[in-house]
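Colleague: The following block contains a protein sequence and its predicted model.
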Amino acid sequence: MAELFSEEWMQGFKERWNADSELAGALEKIGFNSTIGYGFDGEDNPRGYIRVENGHVVDAGSYGGQSLNWDLRASPDNWQKWLKKPPGMMGLGMAYTSRKLKFNVGDYTAMIKDPRMAGPFIRSFSAMGG
């Protein structure tokens, strides 16, 4: 298996994201555009990123200084736990309030209050795990 957030891993995430109608399809309906970084808590930069246009990932790979709308960070152990068993709404809320999931960039509260975005965000963890 490819290293978490490596170029290869991010390409697989892109494919799984785009194949998921509950994720890409739901975000397409609201014209969601964003560049999202993923990485480990305590590091200066994320490891990987995706660029989403109209709900679909159009670019993915190793982070190289792209301007981010969202930058999600957690420990390697927590990412691995969520890949095996994606969190639901309650689990995500607990992870955020306990600082296990950090948003270095982006407004978690605004996103989670919008059901058009909250559902797909939670669904994205399933796409990560494949």
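Modeller: Alright, I've got the coordinates.

Colleague: residues of the worst-scoring helix or strand of the chain on mean pLDDT that come out buried?
Modeller: Within the chain, no helix or strand scores below helix 108-112, which has a mean of 90 by mean pLDDT, DSSP states H and E. Buried residues in helix 108-112, defined by neighbour count with 16 or more other CB atoms under 10 Å: 108, 111-112. The way it works is simple: take the backbone N, C-alpha and C, and place the C-beta from them, glycine included.

Colleague: for stretch 111-128, same thing?
Modeller: Going by 16+ other CB under 10 Å, stretch 111-128 has these buried residues: 111-112, 117, 120-128.

Colleague: cool, and stretch 55-67?
Modeller: Those would be 55-57, 60-61, 63, 66, for stretch 55-67 by 16+ other CB under 10 Å.

Colleague: Grab the two from the residues you listed that are most spread out in space.
Modeller: Greatest spacing in those, by CB to CB: 55 and 63 (21.3 Å).

Colleague: other SSEs contacting the longest helix anywhere in the chain?
Modeller: Counting by DSSP state H, the longest helix found in the chain is helix 115-129. Contacts defined by 3 or more CB pairs under 8 Å, 6 or more residues apart in numbering; DSSP states H and E place helix 115-129 against helix 7-19, helix 26-29, helix 76-84, helix 89-97, helix 108-112.

Colleague: quick one: that helix to chain centroid distance?
Modeller: 8 Å (CA atoms, centre = their mean, to the nearest Å).

Colleague: repeat for stretch 3-18
Modeller: 11 Å.

Colleague: List the buried residues for it?
Modeller: Buried residues in stretch 3-18 (16+ other CB under 10 Å): 4-5, 9-14, 16-18.
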